[in-house]
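Visitor: Compute the structure for the input listed below.
(one chain, ligands or ions: 1)
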Amino acid sequence: MSAKILDGKWLASIYEQDIHRQCQTLSEKFGSAPGLAVILVGDNPASKAYVGRKGKVAARCGIQTFDTRLAASASKEEILEHIVAFNKNPEVDGILLQLPLPGELSSESDDLIAAIAPEKDVDGLHPFNQGLLLQGKGVLRSCTPLGVMKMIDLALSDVKSGDDIESTDQIPVADLSGKKAVVIGRSVLVGKPVSFLLLERNATVTIAHSRTKDLSAVVREADIVVAAVGKEHLVKSDWVHSNAIVIDVGINRTEQGTLTGDVAFDEVAQACSAITPVPGGVGQMTVAMLMHNTLLSYMARMSQ
Ligand code: NAD
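Guide: Numbering: from 1, shown residues only. You can find the predicted model right below:
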């Protein structure tokens, strides 16, 4: 049996249409569009490509962008000045500091993220927003974990990738009561927040990591597997059962220079019920969720 393929590019495009429609209506009503500020430090090619993609998607959604590009030699104080200015700028609803920061600045990432006004933290990485998530509250949840949840909703719906649907409202929010979820990875960026989002939907969640004993046996129990490790093709076909939904967050560069996930896609797709590809899966949804959060932040500002 072959699994339902969860096409992130397609799902992200439906989200973009939804966000564009709402941005148009609200911009006409309030006289200004949502604004997203992106701060890029240094010239890491992958970060530059990500920031470029975010700009293009924002434009498609009707979100205005404010780009700041700083040299890799920029000081922490210089970056802070830009964050503070964006915090005060009423046209900016969301602030994204592109990670990883270059060189020694990377050890300052936590401080810099904590300087972003929590209501503009569209990446959902501010400790205040992460604390709210822990409490089952809050609005701004980090983008990749949110994208994972939307993929699970698609997996459990009657909608198939490529269907001619008008809105993501046609994909119901799934109640995961009674389902066992195993998240592989415990990072602050992905593993922990996705675990709390799964818990919020009533799944029974196990967090596995590099010190977990007999990982394959733990994963085999799962109705939902989320792999967020960074190890090429770690999850094999005999790690999953035939009803499992497999969400691959991993992005690994192969020796040939192509991108691949943490899941051995070709074999696992023959063994489970639904699966995300890499590329073309969760990564696409991460950007769409950044736009979703920017819109939420704008709507919160307009409702004050
Ligand atoms: P990380 O390095 O911070 O965390 C990796 C986690 O994997 C750790 O908690 C570690 O305990 C666990 N781990 C490592 N080796 C393991 C093993 N052999 N068995 C079980 N667990 C193991 O990484 P991260 O930031 O969480 O990212 C994970 C992956 O997801 C990376 O490939 C990253 O590039 C990718 N990623 C993708 C997106 C996206 O938008 N698709 C976003 C963020 C991260």
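
Visitor: what does the protein have sitting close to the ligand?
Guide: Contacts of the chain with the ligand, taken as Cβ under 6 Å from any ligand atom, map to 144, 184-187, 189-191, 208-210, 212, 215, 228-231, 249-252, 282-283, 286. Quick note: C-beta positions are derived from backbone N, CA and C, even for glycine.

Visitor: In helices, which of these appear?
Guide: With helices defined by DSSP state H, the entries of the residues of the chain next to the ligand inside them are 144, 191, 215, 282, 283, 286.

Visitor: quick one: low-confidence parts of the stretch 1-150 of the chain?
Guide: 1 (pLDDT under 70).

Visitor: any chance you could map the helices in it?
Guide: Assigned by DSSP state H, counting those that start in this stretch, the helices in the stretch 1-150 of the chain fall at 8-30, 45-61, 76-88, 109-114, 127-134, 143-156.

Visitor: Show me which of the residues of the chain next to the ligand are buried.
Guide: Neighbour counting with 16 or more other Cβ atoms under 10 Å marks 144, 184-186, 189-191, 208, 215, 228-229, 249-252, 282-283, 286 as buried within these.

Visitor: just so I have it, where are all the helices in the stretch 201-304 of the chain?
Guide: 215-220, 265-268, 282-302.

Visitor: how about TSV for those, with mean pLDDT added?
Guide: Listed next are the helices of the stretch 201-304 of the chain as TSV, based on pLDDT from 0 to 100:
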stretch	mean pLDDT
helix 215-220	98
helix 265-268	98
helix 282-302	97
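
Visitor: Reformat those as a markdown table; add distance to residue 166.
Guide: Converted to a markdown table, the helices of the stretch 201-304 of the chain look like this (distance: least, Cβ to Cβ, whole Å):
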| stretch | distance to residue 166 |
| --- | --- |
| helix 215-220 | 36 |
| helix 265-268 | 30 |
| helix 282-302 | 16 |
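
Visitor: of all those helices, which gets the most neighbours per residue?
Guide: Highest mean neighbour count of the helices of the stretch 201-304 of the chain: helix 282-302, a mean of 23 (counted as mean count of other Cβ atoms under 10 Å).

Visitor: starting at the chain centroid, how far to that helix?
Guide: Computed by Cα atoms, centre = their mean, to the nearest Å, the chain-centroid distance of helix 282-302 equals 10 Å.

Visitor: With just CA atoms, put it into PDB.
Guide: Provided in PDB are the C-alpha atoms of helix 282-302 (Å, rounded to 0.1, in the frame of the first residue of the first chain):
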ATOM      1  CA  VAL A 282       7.100  21.000   6.200                       C
ATOM      2  CA  GLY A 283       9.600  23.600   5.000                       C
ATOM      3  CA  GLN A 284       7.000  25.100   2.700                       C
ATOM      4  CA  MET A 285       4.500  25.200   5.500                       C
ATOM      5  CA  THR A 286       7.000  27.000   7.800                       C
ATOM      6  CA  VAL A 287       7.000  30.000   5.500                       C
ATOM      7  CA  ALA A 288       3.200  30.000   5.200                       C
ATOM      8  CA  MET A 289       2.800  29.900   9.000                       C
ATOM      9  CA  LEU A 290       5.100  32.900   9.300                       C
ATOM     10  CA  MET A 291       2.600  34.900   7.100                       C
ATOM     11  CA  HIS A 292      -0.200  33.400   9.100                       C
ATOM     12  CA  ASN A 293       1.400  34.700  12.400                       C
ATOM     13  CA  THR A 294       2.100  38.100  10.900                       C
ATOM     14  CA  LEU A 295      -1.600  38.400   9.900                       C
ATOM     15  CA  LEU A 296      -2.600  37.300  13.500                       C
ATOM     16  CA  SER A 297      -0.400  39.900  15.000                       C
ATOM     17  CA  TYR A 298      -1.800  42.600  12.700                       C
ATOM     18  CA  MET A 299      -5.300  41.600  13.500                       C
ATOM     19  CA  ALA A 300      -4.500  41.800  17.300                       C
ATOM     20  CA  ARG A 301      -3.100  45.300  16.700                       C
ATOM     21  CA  MET A 302      -6.100  46.400  14.700                       C
END
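
Visitor: Thanks a lot, see you next time.
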